[in-house]
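Trainee: Mind looking at a prediction? Sequence and model below.
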Amino acid sequence: MMGKVLIIYTGGTIGMTKSSKGYAPADGDFEDTLKRIPELYDSQMPSWELIQLSPVKDSSNMDVHDWNRIAEMIENHYEQYDGFVILHGTDTMAYTASALSFMLEELSKPVILTGSQIPLCEIRNDARDNLITSIVIAAQGVVNEVCIFFGGSLIRGNRSTKYSSDGLIAFLSPNYPALAEAAIDIQYNYPQGIKESHLPRQLHVQYLLDVPIAVIKVFPGIKFKYYTEILNHNFRGIVIETFGAGNIPGGAENIEKAISAKDNDTIYVICSQCPAGSVSLGQYETSTILQNAEGVSGLDMTTEAAMTKLYYLISKGYERSEIIDLMEKNLRGEIRSD
């Protein structure tokens with residue numbers, strides 16, 4: 001028998017309506033919007049209930065405070081439900097999924113994020129299948145972690161990245177296999193997913209502090225001398241998106257001086273602009289500056305995972321040395337395990 005599911009509606013395209021300024025979050029009760037999907041009320045569907053973030057948001061406006069609010073909703077209702085579906089806008093869904101994967105410590109139930117590229121108000125939309133399948137997956141309790149279901153695939157939340165702004169397959173997991181595929185049946189892929197929780201676990205939520213964190217993307221001809229002030233601006237963490245396996249343009253002495261400053265406690269995490277593959281500092285001469293300056297290898301983490309992992313570890317209150325060590329260790333399946 002399938003379990004009971006809580007749907008948390010945060011906003012996003014799935015519930016938007018047309019306005020004079022384009023699609024915007026709809027006012028009112030979202031349950032009225034769900035009546036556009038009569039299958040949700042069929043006797044074959046798992047039992048579900050709905051709560052709503054107030055106010056609902058375009059996901060472009062989501063921030064740390066909203067991640068905390070969503071986590072609090074899950075914590076407050078954790079014992080009453082067997083799984084959770086979070087309806088969320090696609091633009092920052094991978095960030096929210098990554099953040100929740102760290103925040104929800106000892107999670108032993110499915111938390112599935114989904115949404116749509118076409119709102120329910122349109123006759124032709126992808127919302128119906130994404131939502132129905134997400135509820136079924138959440139109720140089955142097979143993959144007990146934070147995931148995204150979209151376009152027929154279930155992927156690990158902290159391995160996800162948004163791939164397309166207008167395609168119905170909006171998300172990819174470049175460095176980790178899908179956890180399940182929705183075909184005639186939902187086909188779970190073991191051992192990729194967590195099949196079951198072996199022992200009852202008590203959920204603990206680590207709420208995040210709104211600390212200053214930045215992302216810098218390297219590009220050809222970048223003038224690091226103009227970034228020195230940013231790099232020394234008391235950021236707690238900075239994710240640097242480099243070329244390939246961790247490379248930056250040669251002759252970048254200014255960045256070495258900035259990120260190795262004695263009085264600078266900022267943690268620098270080196271990720272790749274390549275969707276697939278891994279950072280390997282020192283493999284090429286053009287990455288040795290970052291290696292010598294104690295840059296932390298992000299290995300095969302997405303930028304979304306690296307950024308939210310920084311928020312999480314800093315919020316845990318760890319010392320800088322502990323954070324540096326843990327950034328290169330697998331905590332929630334976000335990074336390769338050798």
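Mentor: Here it is on my side, so go on.

Trainee: Now for D325, how many residues are close by?
Mentor: D325 sits with 13 neighbouring residues when counted by other CB atoms under 10 Å. (C-beta placed from N, C-alpha, C; glycine too.)

Trainee: Equivalent analysis for P191, please.
Mentor: Neighbour number of P191 under other CB under 10 Å is 6.

Trainee: Quickly find the element holding it.
Mentor: P191 is part of no helix or strand when elements are defined by DSSP states H and E.

Trainee: I figured I335 was touching T302, is that so?
Mentor: No: judged on CB atoms under 8 Å, I335 makes no contact with T302 at a distance of 9.8 Å.

Trainee: Confidence-wise, which helix or strand of the chain is lowest on average?
Mentor: Scoring the helices and strands of the chain by mean pLDDT, DSSP states H and E places helix 253-259 at the bottom, with a mean of 65.

Trainee: Surely F84 is in a helix?
Mentor: No: going by DSSP: H, G, I helix; E, B strand; the rest coil, the assignment for F84 is strand, not a helix.

Trainee: Return the distance of the closest residue to it other than its chain neighbours relative to L154.
Mentor: Spatial nearest neighbour of F84, chain neighbours left out: V111 (4.7 Å); criterion: CB to CB, 6 or more residues apart in numbering. In this structure, V111 and L154 are 12 Å apart, going by CB to CB, to the nearest Å.

Trainee: can you list residues touching both of these two?
Mentor: Common contacts of V111 and L154 (CB atoms under 8 Å, 6 or more residues apart in numbering): C147.

Trainee: Pick out whichever of the two has more residues nearby.
Mentor: Taking other CB under 10 Å, V111 and L154 do not tie; L154 has more neighbours (28 against 25).

Trainee: correct me, but that one touches P177?
Mentor: No: applying CB under 8 Å as the test, L154 and P177 come out as separate, 10.6 Å apart.

Trainee: before we move on, back to that, helix or strand next in line after the least confident helix or strand of the chain, which one?
Mentor: Using DSSP H and E, the helix or strand that follows helix 253-259 in sequence is strand 267-272.

Trainee: residues of that following strand that come out buried?
Mentor: By 16 or more other CB atoms under 10 Å, the buried positions in strand 267-272 come out as 267-272.

Trainee: likewise stretch 63-81?
Mentor: By neighbour count on 16+ other CB under 10 Å, the buried set for stretch 63-81 is 64, 66-68, 70-71, 73-74, 78, 81.
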